[in-house]
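# okay, predicted coordinates and the sequence, questions at the end:
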Amino acid sequence: MARLTNGTWVLVADGEKALVLENVTDGENPYLKVRDKEEQDNPSTGEQAANRPGRMQEGRPGNDTAGPRSAFQDTDWHQLGKDRFADDLADMLYKQAHKGAFDHIVLCAAPGVLGEIRAKMHKEVADRVVAEIPKTLTNHSLDDIEKIVKSEMESA
């Protein structure tokens, strides 16, 4: 069973915002203090797309008769923004770990975001992860986050 020790960082993230918290007490009665807050302006794909998806004429080579037209898959700009945000978080955690800013960290994120962060995470950070909580907690109060993190770590 992992414990939330004094000085353990807790990253609470979704695809657009993140809180970096630090436990300033013990695991029995955690008290999380905000160290940093990251936010990304990531409008929906519809708001980011410049125009309609392109279209392609389908036909056989050497045949001038036009076949049906089909649309190209449009880029999901919103998802791309979420992926970049996960990259940025992984990079920030690496820089902080390299400076010795934390010895232990708990990752709390939506399952997809957690997977993205894990995939981009440097070994120096991965070695310090004491727990992963696949839940979206970014819209919870600090009191609720403390209770949920403590409960999840005790049941792990």
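Sure thing, it's come through.
# for residue 116, which non-adjacent residue is closest in space?
Distance criterion Cβ to Cβ, 6 or more residues apart in numbering; nearest residue to residue 116, sequence neighbours excluded, is residue 86 at 3.6 Å. C-betas here are computed from N, CA, C, even on glycine.
# likewise residue 96?
What sits nearest to residue 96 in space, not counting adjacent residues and going by Cβ to Cβ, 6+ apart, is residue 102, at 6.3 Å.
# tally of neighbours for the nearest residue to residue 26 once chain neighbours are set aside?
Leaving aside its sequence neighbours, residue 26 sits nearest to residue 6 (Cβ to Cβ, 6+ apart; 5.9 Å). Counted with other Cβ atoms under 10 Å, residues neighbouring residue 6 total 13.
# part of a strand, is residue 6?
No: counting by DSSP: H, G, I helix; E, B strand; the rest coil, residue 6 is not part of a strand but coil.
# that one and residue 15: what is the separation?
For residue 6, the distance to residue 15 equals 30 Å [Cβ to Cβ, to the nearest Å].
# and if you look at residue 119?
According to Cβ to Cβ, residue 119 and residue 15 sit 14 Å apart.
# the two: which is more packed in?
Using other Cβ under 10 Å as the criterion, residue 119 and residue 15 rank with residue 15 on top: 22 against 11.
# dihedrals phi and psi, that one?
phi -80, psi -10 (degrees, to the nearest 10).
# number of residues surrounding the closest residue to residue 4 other than its chain neighbours?
Leaving out its chain neighbours, the residue that sits closest to residue 4 by Cβ to Cβ, 6+ apart is residue 27, at 4.0 Å. The tally of other residues near residue 27 (other Cβ under 10 Å) stands at 17.
# same question, residue 14
19.
# surely it meets residue 108?
No: using Cβ atoms under 8 Å, residue 14 makes no contact with residue 108, being 9.7 Å away.
# mind checking how far residue 3 is from residue 23?
10 Å.
# between these two, who's got more neighbours?
residue 23 (24 against 16).
# wait, the residue nearest to residue 26 touches residue 30, no?
No: Residue 6 is beyond contact range of residue 30, at 9.4 Å (criterion: Cβ under 8 Å).
# pLDDT below threshold where in this protein?
1, 40-83 (pLDDT under 70).
# tell me, how many neighbours does the nearest residue to residue 25 once chain neighbours are set aside end up with?
Ranked by Cβ to Cβ, 6+ apart and with sequence neighbours excluded, the top spatial neighbour of residue 25 is residue 31, at 4.4 Å. Using other Cβ under 10 Å, residue 31 is surrounded by 14 other residues.
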